[in-house]
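Visitor: Show me the folded form of this:
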Amino acid sequence: MKPILVQLGPFPVSSFGLFLILAFVIGIAAARRRSGRVGIDPPQMLDLGLYMIIGGIVVGRLGFVLTNLQTFAQAPLSVLTIWRDSGLTFYGALLGGILVAAAYARSRKISLRALLDVCAPALALAYAVAMIGAFLHGLYVGKATAVPWGVDMLLDHRHPTQIYLLVAALGTYQILRAQERQPTPPGVLFFLWLLLFSLSRVAVEIFVESAPVLGPLTLAQVVNLVAALIAVVALITSTRRPAEADVPPAEPAAMP
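Guide: Numbers count the residues shown, from 1 in each chain. As a prediction, this is how the structure comes out:
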């Protein structure tokens, strides 16, 4: 574990924060390569990606604060020091990014589902990179184990759950790459990513040191099972959605 990679004066640079920035860069680059499919040129996709990241950080941080309200109530200014605790909720960040994408798609008369499809492989790649930071930082700590591929963490030999999630994310990316070569209705790629991501989180959570909240299920498993159910319903509606229901891509226009 190496939670702090470097100390820049009074500012500690966390390993998770650094790899999160790298994940953003790689995610935007992957989305830019596909942006022409929805009538957005690469420079516009760069602007949109940055706006989506900002929206994701704001909403993701808000979700983390709300789920740890008692802690932040004792030190309100720590709400702003995200570089210290790396506190974001994943689905909060995802929702923040989608809200920005929805506003952009509506203003440019672009299909939101098609735009989210462009982002799906990028999300898988970015998550894989972020898991390297999570591993170094010591997030998502696995249970103690005797398996030979375990890692020494917190004075014990534990499941490398972050690496499990990294491998699952890379596998998801390959599945999405294969799927995007086939003609698919708008929205299928994104909701396929959401389904595979949420199911991988449910599976890996078995090896995470978390307390159950609903029978044998942890909070993360409950949340991700709900996300998987939403993804299944959305996949069904996407495949049955009439082609004319999607707004055709508009001519590329600059971000305001």
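
Visitor: Show me the helices in this structure, by range?
Guide: When assigned using DSSP state H, the helices of the chain occupy the ranges 15-34, 42-67, 69-74, 82-85, 90-108, 112-137, 161-180, 188-204, 219-240.

Visitor: and the ones you listed, which is most packed in?
Guide: Most buried of the helices of the chain, by mean neighbour count (mean count of other CB atoms under 10 Å): helix 112-137, with a mean of 23. (C-beta placed from N, C-alpha, C; glycine too.)

Visitor: tell me which strands and helices that helix is in contact with?
Guide: Applying 3 or more CB pairs under 8 Å, 6 or more residues apart in numbering; DSSP states H and E, we find helix 112-137 packed against helix 15-34, helix 90-108, helix 161-180, helix 188-204.

Visitor: For the ones you listed, give me a markdown table that also has distance to residue 140 and mean pLDDT.
Guide: Compiled in a markdown table, the helices and strands packed on helix 112-137 are given as follows (distance: least, CB to CB, whole Å; pLDDT from 0 to 100):
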| stretch | distance to residue 140 | mean pLDDT |
| --- | --- | --- |
| helix 15-34 | 11 | 90 |
| helix 90-108 | 11 | 93 |
| helix 161-180 | 5 | 96 |
| helix 188-204 | 8 | 97 |
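
Visitor: The ones you listed into a markdown table, with extra columns for distance to residue 49?
Guide: Formatted as a markdown table, these follow (distance: least, CB to CB, whole Å):
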| stretch | distance to residue 49 |
| --- | --- |
| helix 15-34 | 4 |
| helix 90-108 | 9 |
| helix 161-180 | 17 |
| helix 188-204 | 15 |
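
Visitor: Those: which one's closest to residue 136?
Guide: Nearest of the helices and strands packed on helix 112-137 to residue 136, taken as CB to CB: helix 15-34 at 3.7 Å.

Visitor: Packing partners of that closest one?
Guide: For helix 15-34, the packing partners by 3+ CB pairs under 8 Å, 6+ apart come out as strand 4-8, helix 42-67, helix 112-137.

Visitor: cutoff 7 Å now
Guide: Here helix 15-34 touches helix 42-67, helix 112-137, going by 3 or more CB pairs under 7 Å, 6 or more residues apart in numbering; DSSP states H and E.

Visitor: Any chance you could list what contacts stretch 224-234?
Guide: Outside stretch 224-234, the residues that touch it by CB atoms under 7 Å, 6 or more residues apart in numbering are 91, 187, 191, 194, 195, 198, 199, 201, 202.

Visitor: Now with 10 Å, please.
Guide: Under the criterion CB atoms under 10 Å, 6 or more residues apart in numbering, residues 90-91, 94, 113, 187-188, 190-205, 214, 217-218, 241 lie in contact with stretch 224-234.

Visitor: Relative to residue 4, how far out is residue 34?
Guide: To residue 4, residue 34 is 35 Å away according to CB to CB, to the nearest Å.

Visitor: So what touches stretch 23-34?
Guide: For stretch 23-34, contacts defined as CB under 10 Å, 6+ apart pick out 16, 35, 40-50, 52-53, 56-57, 97, 115, 117-133, 173, 180, 189.

Visitor: Over to stretch 194-202?
Guide: Stretch 194-202 has contacts (CB under 10 Å, 6+ apart) with 90-91, 94, 116, 120, 123-124, 127, 140, 164-165, 167-169, 171-173, 175-176, 208, 217-218, 220-232, 234-235.

Visitor: Please list all residues in contact with residue 168.
Guide: By CB under 10 Å, 6+ apart, residue 168 lies in contact with 124, 127, 128, 131, 196, 197, 199, 200, 201, 203, 204.

Visitor: among the helices and strands packed on helix 15-34, which gets the worst mean confidence?
Guide: Per-stretch mean pLDDT for the helices and strands packed on helix 15-34 is lowest at helix 42-67 (a mean of 88).

Visitor: now that one against helix 15-34, angle please.
Guide: Helix 42-67 runs at 140 degrees relative to helix 15-34, counting by axes from the mean of the first three to the mean of the last three CA atoms, to 10 degrees.
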